[in-house]
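[1] attaching a predicted model along with its sequence, questions to come.
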Amino acid sequence: MAEFSELVKNFDKIRDYMRDFFVYGFKARGDFTQKSLRTYDNERRRIESYLNKYIKWDTSNKGKRVFISLDSSKIACNPLYAAWKSKSFTSNDIMLHFYILDTLKENEALDIEALTDKICDKSGVCFDSQMVRIKSKEYVNEGIITTSKQGKSLYYSLSKDYLSTITENYENLLFLLKYYQEVSPFGVIGSSLLDNVNEKNDIFSFKHHFIVHTLEDNILNDILLAMKNNRKISFINQSTRLDIISTILGVPLKIFVSSKSGRRYVCIYNEFRKRFINLRLDYIKSIKLLDTYKNIDLLRENLNKNLSKCWGVSFGGNSRVEQISVKLYIEEDKEEYVINRLNREGRGGKICRLEKNIFLYTKELFDTNEIMSWVKSFTGRIISVEGTNKVIIDKFYNDMKKMQQLYYGGE
């Protein structure tokens, strides 16, 4: 029987458990169908060991449900970073970690044979030189060890790059990292650097803090690599809401981030459907980088032409552009701030003063449904709403009638 361990080999696995059972917080043990319930119990214990201070639970007709509960304005560091910092290792990994670093600390530079011999002399444990080479190469990739060529041999030495030595503005760098770790993609890098110098964020707090999206950073990294090299990608897209799994192939062009929820989307050109689509990063799994796309500049040019007609992330169900017009009553002598809001939030829509206190906002866009929550925020000032998407316009008026009946009764 395999022993329970807090450490993980496959981050995608822990990402799914953490998101579906702890972040969304509506699933119970009986909803777990991928493997045995013993597997679920092990994963739950592992996650609870990372997040024990933030785990809450309640009961429903489905049973006990566990979830993450925290006040994001009161945390100094994203607690979900703990999952990134938990990686499994073998006994040889941990021994070589200390033996290699300790040996190189006492020696300026060594080739693999000399490094292996000195480890054996110093520790009494003799490793195969190929094992030492593999581990040393891993640390070269991590930046812990540097290499230099002397004749035909490769020599290894400890990196001399530390936070305190790479810049004269060390205190400013710490200040920057404390902010970066909580607001930027790949913030776990900043968190790890601070861990290495025993520093914590003691300056910044955030009212709106979208901590969950760090779970997608490995997906984001692969997508950005493909974008940098103009590569196509294929990936598994799994919607937990609709329970649909599909394989998608396309050219990634842009990353969109919601200012409201922090949710991240990748905009790709889907060659099969011959159109742009946006997909949520938290639904994406198993990215594969494919061959280079030759006409990438043309795709980017076409995308930029289309972006002005996107209110959110939808390119609509077809290529036709929809129109919407909203007539508003605004007391212009007293409510200039409302007019300023129209200009600030209107995303390129036209604002026309029809007469005193009467204004008309118009915009062309792909999906009228996306703008309606913003339009409804002007309830009380709306005189009329018109548009080419009659289904959405009729729904708006029906919603207003239902609201009127709810608050005032009658017809």
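    Ah, there it is.

[2] off-centre distance for stretch 163-182?
    Stretch 163-182 has its C-alpha centroid displaced from the chain centroid by 23 Å (C-alpha atoms, centre = their mean, to the nearest Å).

[3] now do the buried residues in it.
    Of the residues in stretch 163-182, 173-174, 177-178, 180-182 count as buried by neighbour count, 16 or more other C-beta atoms under 10 Å. Using the backbone N, CA and C atoms, a C-beta is placed for each residue, glycine as well.

[4] for stretch 218-234, same thing?
    219-220, 222-223, 226-227, 230-233.

[5] with stretch 359-372 instead?
    Neighbour count says stretch 359-372 has 359-363, 365-372 buried, by 16+ other C-beta under 10 Å.

[6] start to end distance for that stretch?
    18 Å (C-alpha to C-alpha, to the nearest Å).

[7] tell me which two of the buried residues of stretch 163-182 sit farthest apart.
    173 and 182 (15.8 Å; C-beta to C-beta).

[8] ok, back up a step: how about the buried residues of stretch 163-182 in CSV, adding pLDDT, distance to residue 380 and secondary structure?
    Shown next, in CSV, are these (pLDDT from 0 to 100; distance: C-beta to C-beta, whole Å; DSSP: H, G, I helix; E, B strand; the rest coil):
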residue, pLDDT, distance to residue 380, secondary structure
173, 89, 50, helix
174, 91, 49, helix
177, 93, 46, helix
178, 94, 43, helix
180, 94, 41, helix
181, 94, 42, helix
182, 92, 37, helix
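
[9] so which of the residues you listed comes closest to residue 91?
    Out of these, the member with the shortest distance to residue 91 (by C-beta to C-beta) is residue 181, at 31.8 Å.

[10] quick check: that closest one touching residue 76?
    No: counting by C-beta atoms under 8 Å, residue 181 sits too far from residue 76 to count as a contact (9.5 Å).

[11] which neighbours do these two have in common?
    Counting by C-beta atoms under 8 Å, 6 or more residues apart in numbering, the common neighbours of residue 181 and residue 76 are residue 201.

[12] shaky segments in the stretch 251-400 of the chain?
    For the stretch 251-400 of the chain, the stretches flagged by pLDDT under 70 are 318-319.

[13] now the helices for this structure?
    Per DSSP state H, the chain carries helices over the ranges 11-17, 37-50, 81-84, 91-105, 112-123, 129-142, 170-183, 187-196, 217-228, 296-307, 336-345, 368-376, 390-408.

[14] turn these into TSV, columns for distance to residue 328.
    Listed next are the helices of the chain as TSV, based on distance: least, C-beta to C-beta, whole Å:
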stretch	distance to residue 328
helix 11-17	44
helix 37-50	49
helix 81-84	45
helix 91-105	65
helix 112-123	74
helix 129-142	57
helix 170-183	35
helix 187-196	40
helix 217-228	39
helix 296-307	26
helix 336-345	8
helix 368-376	10
helix 390-408	14
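
[15] so which of these is nearest residue 314?
    It's helix 368-376; of these, that one is closest to residue 314 (C-beta to C-beta) at 5.5 Å.

[16] can you list contacts of the closest one?
    Outside helix 368-376, the residues that reach it (C-beta under 8 Å, 6+ apart) are 311-312, 314, 322, 324, 326, 345, 363, 365, 382, 385, 387-389, 392-393, 395-396, 399.

[17] pull out the buried residues from these.
    Buried among those by 16+ other C-beta under 10 Å: 311-312, 322, 324, 326, 363, 365, 382, 385, 387, 389, 392-393, 396.

[18] residues contacting the spatially closest residue to residue 199 that is not a sequence neighbour?
    In space, and not counting its chain neighbours, residue 199 is closest to residue 174: 5.7 Å by C-beta to C-beta, 6 or more residues apart in numbering. Residues counted as contacts of residue 174 (C-beta under 8 Å, 6+ apart) are 163, 194, 197, 199.

[19] of these, which is the nearest to residue 208?
    Among these, and counting by C-beta to C-beta, the member closest to residue 208 is residue 194, at 22.0 Å.

[20] quick check: the closest one touching residue 180?
    No: using C-beta under 8 Å, residue 194 is not in contact with residue 180, being 9.7 Å away.

[21] need the max-distance pair from the buried residues of stretch 218-234.
    219 and 230 (18.7 Å).

[22] please name the residues that touch residue 254.
    With the criterion set at C-beta under 8 Å, 6+ apart, residue 254 makes contact with 266-267, 303.

[23] same thing but at 6 Å, please
    residue 267 (C-beta atoms under 6 Å, 6 or more residues apart in numbering).

[24] please apply the same query to residue 296.
    Residue 296 neighbours (C-beta under 6 Å, 6+ apart): residue 230.

[25] what of residue 154?
    For residue 154, the contacting residues are residue 147, by C-beta under 6 Å, 6+ apart.

[26] from residue 309, how far off is it?
    Relative to residue 309, residue 154 is positioned 55 Å away (C-beta to C-beta, to the nearest Å).

[27] likewise for residue 325?
    15 Å.

[28] quick one, longest strand in this protein?
    Counting residues, the longest strand found in the chain (DSSP state E) is strand 244-257.

[29] quick one: strands adjacent to that one?
    Its sheet considered, strand 244-257 pairs with strand 231-239 (antiparallel), strand 264-270 (antiparallel) by DSSP bridges.

[30] angle of the last one against helix 296-307?
    In other words, strand 264-270. 120 degrees (axes from the mean of the first three to the mean of the last three C-alpha atoms, to 10 degrees).

[31] strand 264-270: which residues count as buried?
    In strand 264-270, counting by 16+ other C-beta under 10 Å, buried: 264-269.

[32] ditto for stretch 322-340
    Neighbour-count burial for stretch 322-340 flags 322, 324-328, 330, 338 (criterion: 16+ other C-beta under 10 Å).

[33] need the residues you listed in TSV (columns: distance to residue 98).
    Listed next are the buried residues of stretch 322-340 as TSV, based on distance: C-beta to C-beta, whole Å:
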residue	distance to residue 98
322	64
324	65
325	70
326	67
327	73
328	69
330	69
338	65
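
[34] for residue 274, state which of the residues you listed is nearest.
    Nearest to residue 274 among the buried residues of stretch 322-340, with distances taken as C-beta to C-beta, is residue 322, at 20.1 Å.

[35] what's opposite that closest one in the beta bridge?
    Counting by DSSP bridges, the residues bridging with residue 322 are residue 365.

[36] residues contacting it?
    368, 388-389 are the contacts of residue 322 under C-beta under 6 Å, 6+ apart.
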